[in-house]
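1. Predicted structure and sequence below. I'll ask about it afterward.
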Amino acid sequence: YIVTTYIPGVPWSALQPRLESEQQESAREQIAAALASLHDITFPTFGDLPPGDTPTPYLDALLARANARIKGTANARLFADVLSERRELFASVTQPCLCHDDLHHHNILFRPEGTVWRLAGILDFDSAWAGHHESDLARLDLWRGMTSPRFRRIYRAAHAVDLGYEERRPVHQLLW
């Protein structure tokens with residue numbers, strides 16, 4: 001059996017090409033605000049949901065996640081090596097928050113509201129975890145058309161993006 005909930009809306013993948021530039025920016029601002037709200041949900045430790053009681057450092061949780069998700073031992077070893085070589089870049093990562101970890105054009109829905117489009121929902125939370133907010137940002141930066149300077153301004157008004165994100169981003173992206 002499968003039980004589903006229907007949310008009326010249009011996926012960002014289908015909507016984005018149809019919108020004028022200003023409408024796209026408005027949509028990205030809504031995505032940024034929603035993502036910032038998700039990242040407001042914090043946990044006592046990093047890891048799978050629900051997180052346990054034992055404190056887990058971010059790198060340990062990220063490596064465990066990679067080992068569970070990456071197919072093939074050679075690729076998993078590559079990720080572990082890259083993470084180990086760059087571990088100092090992650091020293092400032094201390095606050096776990098709710099990370100969707102599968103944000104892309106098909107998991108974000110918009111609905112028409114008069115002449116404007118409003119965010120209807122974010123779908124597919126089965127990959128969510130207690131991670132670092134940069135994990136979701138790196139995912140969005142990977143996909144064309146998901147972020148923009150206005151997206152970053154809205155997001156950064158709610159959540160500081162630590163120095164070093166540009167160096168950590170490719171490590172996060174290597175997971176996918």
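-> Here it is on my side, so go on.

2. And the helices in this structure?
-> 12-15, 21-39, 58-69, 73-85, 133-142, 149-158, 165-174 (DSSP state H).

3. For the most centrally placed residue in the chain, list the residues it contacts.
-> Residue closest to the average C-alpha location in the chain (Cα atoms, centre = their mean): residue 136, at 1.8 Å. The contact partners of residue 136, by Cβ atoms under 8 Å, 6 or more residues apart in numbering, come to 35, 38-39, 99-101, 103. In this view, the C-beta of every residue, glycine as well, is placed from N, C-alpha and C.

4. Closest one of these to residue 87?
-> For the contacts of residue 136, the minimum distance to residue 87 (Cβ to Cβ) is 19.5 Å, reached by residue 99.

5. What's the local residue count around the closest one?
-> Number of residues near residue 99 (other Cβ atoms under 10 Å) recorded here: 26.

6. can you pull up the bridge partners for the closest residue to it other than its chain neighbours?
-> Distances taken as Cβ to Cβ, 6 or more residues apart in numbering place residue 131 nearest to residue 99, at 3.8 Å, with adjacent residues excluded. As for beta bridges, residue 131 partners with residue 97 under DSSP bridges.

7. pLDDT at residue 164, what is it?
-> Here, the pLDDT recorded for residue 164 equals 91.

8. ugh, wrong one, I meant residue 3
-> Value listed for residue 3 in the pLDDT field: 68.

9. got it, and residue 150?
-> 95.

10. Quick check: chain neighbours aside, which residue is closest to it?
-> residue 25 (5.0 Å).

11. Was I right to think the one you found contacts residue 145?
-> No: applying Cβ atoms under 8 Å, one finds residue 25 not in contact with residue 145, separated by 11.0 Å.

12. hang on, the earlier thing: of all the contacts of residue 136, which comes closest to residue 176?
-> Using Cβ to Cβ, these come closest to residue 176 at residue 101, 9.2 Å.

13. Can you give me the distance of the closest residue to the closest one other than its chain neighbours to residue 63?
-> Closest residue to residue 101 apart from its sequence neighbours, by Cβ to Cβ, 6+ apart: residue 127 at 4.3 Å. From residue 127 across to residue 63, the span is 16 Å (Cβ to Cβ, to the nearest Å).

14. same thing with residue 71?
-> 16 Å.

15. more crowded one of the two?
-> residue 63 (17 against 7).

16. need the contact list for the more buried one.
-> Contacts of residue 63 (Cβ under 8 Å, 6+ apart): 79-80, 83.

17. If we use 10 Å, what do you get?
-> 57, 76, 79-80, 83-84, 87 (Cβ atoms under 10 Å, 6 or more residues apart in numbering).
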